[in-house]
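Asks: sequence and predicted structure below; questions after.
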Amino acid sequence: MKQLTFIATMLLLMVSIGCTKQKNYIEKEIVFTDKLSPEQKLKLASYLVPTKQQYEWQQLELTAFIHFGINTFTGREWGDGSEDPNLFNPIDFNAEQWVVALKDGGFKMIILTAKHHDGFCLWPTKTTEHSVASSSWRDGAGDVVRELRNACEKHDMKFGVYLSPWDRNAKSYGNSLEYNKMFVQQLNELLSNYGEIHEVWFDGANGEGPNGKKQEYDWKSYYHVIDSLQPFAVKAIMGDDVRWVGNEQGLGRETEWSVTPLRAAIHEDAVEENKRLEISATAKDLGSRKLIEQANAIYWYPSEVDVSIRPGWFYHPEQDAQVKTLEELVNIYYQSVGMNSVLLLNIPPDTRGLIHETDVARLKQFGEYIERTFSDNKLADTHSYWKAENGDYREYKVKEGETINTVLVQEDIQKGQRVEVFKVEGLINGRWTKLAEGTTVGYKRLLRFDDVSPEMIRITITETRHGANIKEVGAYYAGDYTESATDANLNHIENEWAEVIETSPLTVDIQGSELKIAGFTYLPIEDSESAYKFKFYVSTNGKNWQEATKETEFGNIKNNPSPRTIYFDEPVNARYFKFEVTEGTDGGKPTINAKQIGILTH
Ligand code: FUL
């Protein structure tokens with residue numbers, strides 16, 4: 001830290017005497033001294049740049065998540081750790097099929113859930129018996145991590161691991177020292193035995209251990225293991241190289257600064273400092289001038305947008321008709337890659353151990369669409385690099401007769417992120433017309449507008465923190481989509497309980513007479529507290545109730561408010577159901593808050 005403060009002061013001196021050679025850029029972190037004025041802090045912020053591995057990661061643009069594990073076989077989103085390892089049996093498992101499908105989609109890296117919150121390990125770890133080694137899959141000799149790693153090697157795909165710190169199976173969880181030892185050993189195994197690892201993903205979900213004991217994670221030791229064994233891997237989410245964008249819906253920020261005072265969990269004072277600045281991963285503003293003025297330190301901490309191609313992170317057969325449409329995926333692309341972020345799209349393999357045919361086809365469509373659109377730059381001019389001060393602009397000739405609806409701008413982030421406002425105009429019938437306006441640019445910014453056929457386009461850098469280094473400008477035509485969204489049927493009977501915003505429990509006479517029911521569905525209302533823990537009862541007479549399912553929680557529903565389906569072990573005869581919410585997502589008074597509740601008959 002001390003050394004960085006010194007560098008920051010030296011750099012400032014050099015900047016203020018007009019010396020701006022490339023070597024003056026500072027990687028990853030600048031600690032401000034007390035004496036700096038707001039202007040000086042801002043100037044320093046414009047000299048902050050990514051590390052080599054952060055820059056390489058950013059250039060991948062499209063990365064993929066694979067959520068696969070015991071939940072694939074139980075239908076849950078969050079397993080509770082009590083699952084029988086024998087449930088894991090992907091009879092047609094084929095990692096190469098995953099890699100080829102993702103390659104077709106244009107993806108450059110795959111991150112596998114080597115261990116999710118249920119603690120089940122997809123490799124034969126020495127740390128626990130709760131792993132593939134205890135399953136009948138390949139007679140206990142299988143290793144998902146190894147097979148996926150090999151397939152990635154074969155197809156020139158980068159590889160990363162998700163290792164959940166929260167472990168609902170480990171007996172030691174909550175006994176901080178002991179569990180940290182186990183976690184470090186798991187990391188050691190993954191990072192020593194499977195070749196190069198390009199990203200290590202530590203999830204932020206952190207629950208209570210047995211007896212309500214809370215686990216204190218030893219982040220320092222975890223990072224030490226990564227830095228020693230895989231120094232080129234980026235550390236994501238609870239790590240300090242890659243930041244969670246703040247939602248699981250595929251939504252980037254309109255104004256996305258990779259330079260931010262947001263402190264990652266790696267820093268001991270992270271909670272305190274982020275509180276002082278009133279920021280968190282979900283904040284709208286993470287890098288404005290105002291924030292930088294108040295900051296004690298700033299980081300190159302770029303955003304990663306994670307979202308699933310299906311409503312759930314894990315595969316659920318009832319979501320086969322809810323695979324995101326091409327249009328939805330393309331919108332996500334614009335909102336992530338087009339908003340200075342890397343996209344991390346999840347594609348969950350099914351119980352066969354294969355990526356479902358619908359998802360494979362959608363990935364291919366997506367890959368082709370992006371390739372078709374962005375390999376055809378409609379600008380006639382070559383893109384010379386330019387340096388822009390406030391108000392500077394450049395004009396570019398559009399190829400004759402071409403229609404465009406997207407403009408791309410890229411900053412040379414190896415010289416910092418600087419643009420604060422810019423505008424795009426088109427010369428149409430001899431008049432300059434405004435087409436779009438944006439705030440931050442960063443590594444890549446895409447702006448969309450209605451179809452136009454201008455003779456030229458003009459990019460104006462309206463405001464910049466310091467001379468902006470514009471590396472690339474392009475104009476494209478993004479064509480129509482061939483298919484439209486299909487509405488999933490969440491209810492098998494005619495009745496529908498929609499917009500139920502009532503005090504729990506909700507008691508319902510289903511249709512006036514008894515029927516056989518196999519399960520129920522719950523669709524939360526977005527942006528509002530929803531049910532997290534629940535009980536679901538049925539009755540034939542409205543007086544005597546029986547619990548219809550052992551399931552009692554909608555895992556991860558706070559961050560991913562997707563439709564939930566709960567199937568009972570056996571169908572039951574019932575005329576009434578009673579849905580009781582025992583805990584809400586925000587810990588408030590439990591209310592039903594459903595957009596829709598449905599009853600399943602088969
Ligand atoms: C979340 C987890 O709780 C989800 O289950 C999923 O793994 C997602 C990517 O991160 O925080």
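Replies: Happy to help now that I have it. Residues are numbered from 1 along each chain as shown.

Asks: contacting residues around the spatially closest residue to L112 that is not a sequence neighbour?
Replies: Nearest residue to L112 in three dimensions, chain neighbours excluded: I66, at 4.8 Å (CB to CB, 6 or more residues apart in numbering). Every residue, glycine included, has its C-beta placed from N, CA and C. When contacts are counted by CB atoms under 8 Å, 6 or more residues apart in numbering, I66 touches 98, 110-113, 148, 346-349.

Asks: can I get the buried part of those residues as one PyMOL selection?
Replies: Buried members of those, identified by 16 or more other CB atoms under 10 Å, are gathered into one PyMOL selection as follows:
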select buried, resi 98+110+111+112+113+148+346+347+348+349
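
Asks: taking the contacts of I66 one by one, which sit in helices?
Replies: 98, 148 (DSSP state H).

Asks: and the furthest pair within the contacts of I66?
Replies: Put simply, by CB to CB the two of these set farthest apart are L148 and N346, 14.5 Å from each other.

Asks: out of the contacts of I66, which is nearest to D167?
Replies: T113 (12.7 Å).

Asks: secondary structure class for E327?
Replies: When classified by DSSP: H, G, I helix; E, B strand; the rest coil, E327 comes out as helix.

Asks: correct me, but it touches Y481?
Replies: Yes: between E327 and Y481 a contact is recorded at 4.3 Å, counting by CB atoms under 8 Å.

Asks: okay, now the nearest residue to D143 once chain neighbours are set aside: neighbour count?
Replies: Beyond its immediate neighbours in the sequence, the residue positioned closest to D143 (CB to CB, 6+ apart) is W123, lying 5.1 Å away. By the criterion of other CB atoms under 10 Å, W123 has 24 neighbours.

Asks: repeat for the one 3 residues further on
Replies: Using other CB under 10 Å, K126 has 11 other residues around it.

Asks: with adjacent residues omitted, what lies nearest to K154?
Replies: In space, K154 is closest to E96, 7.0 Å off (CB to CB, 6+ apart).

Asks: and that neighbour, what element?
Replies: In this structure, E96 sits in helix 95-104 according to DSSP states H and E.

Asks: for T585, give me its contacts.
Replies: 529-532, 557-558.

Asks: just the pLDDT at it, thanks.
Replies: Here the pLDDT value assigned to T585 is 91.

Asks: what parts of this structure come near the ligand?
Replies: Taking CB under 6 Å from any ligand atom as the criterion, the chain approaches the ligand at residues 77-78, 203-205, 306, 313, 556, 559.

Asks: so which of these is the closest to I470?
Replies: The closest of those, once distances to I470 are taken by CB to CB, is D306, at 29.0 Å.

Asks: beta-bridge partners for the closest one, please?
Replies: The residues paired with D306 through beta bridges, assigned by DSSP bridges, are L344.

Asks: now do the contacts for it.
Replies: With contact set as CB under 8 Å, 6+ apart, D306 has these partners: 65, 244-245, 248, 344-346.

Asks: where do the helices of the protein begin and end?
Replies: For the chain, helices defined by DSSP H occupy the ranges 2-16, 38-45, 52-60, 70-74, 95-104, 144-154, 176-193, 219-229, 270-276, 289-294, 326-336, 357-374.

Asks: make a markdown table out of those and add mean pLDDT.
Replies: Supplementary listing: these in a markdown table, determined by pLDDT from 0 to 100:
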| stretch | mean pLDDT |
| --- | --- |
| helix 2-16 | 46 |
| helix 38-45 | 97 |
| helix 52-60 | 98 |
| helix 70-74 | 98 |
| helix 95-104 | 97 |
| helix 144-154 | 98 |
| helix 176-193 | 97 |
| helix 219-229 | 96 |
| helix 270-276 | 95 |
| helix 289-294 | 97 |
| helix 326-336 | 97 |
| helix 357-374 | 96 |
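
Asks: now stretch 196-212: mean pLDDT?
Replies: Averaging pLDDT along stretch 196-212 gives 85.

Asks: ok, the residue in the stretch 451-600 of the chain positioned nearest to the ligand to I266 distance?
Replies: Per CB to the nearest ligand atom, N556 is where the stretch 451-600 of the chain lies closest to the ligand, at 4.2 Å. Noted for N556: a distance of 24 Å to I266, by CB to CB, to the nearest Å.

Asks: then K543?
Replies: Note on K543: its distance to I266, by CB to CB, is 56 Å.

Asks: next one: G598
Replies: Here G598 is placed at a distance of 44 Å from I266 (CB to CB).

Asks: which one's more surrounded, these two?
Replies: Of the pair G598 and I266, G598 is the one with more neighbours under other CB under 10 Å, namely 21 against 16.

Asks: any stretches of the stretch 501-602 of the chain with poor pLDDT?
Replies: In the predicted model, the stretch 501-602 of the chain carries no residue with pLDDT under 70.

Asks: strands of that one, start to end?
Replies: Read by DSSP state E, counting those that start in this stretch, the stretch 501-602 of the chain holds these strands, from start to end of the chain: 506-509, 515-524, 531-539, 546-547, 564-574, 576-584, 594-600.

Asks: any weak-confidence spans in the stretch 351-500 of the chain?
Replies: Per-residue confidence of the stretch 351-500 of the chain (counting by pLDDT under 70) places the weak regions at 382-383, 482-489.

Asks: contact partners for the closest residue to L600 other than its chain neighbours?
Replies: The shortest distance from L600 to any residue that is not its chain neighbour, by CB to CB, 6+ apart, is 4.1 Å, and that residue is G519. The neighbourhood of G519, defined by CB under 8 Å, 6+ apart, consists of 549, 565-568, 599-600.
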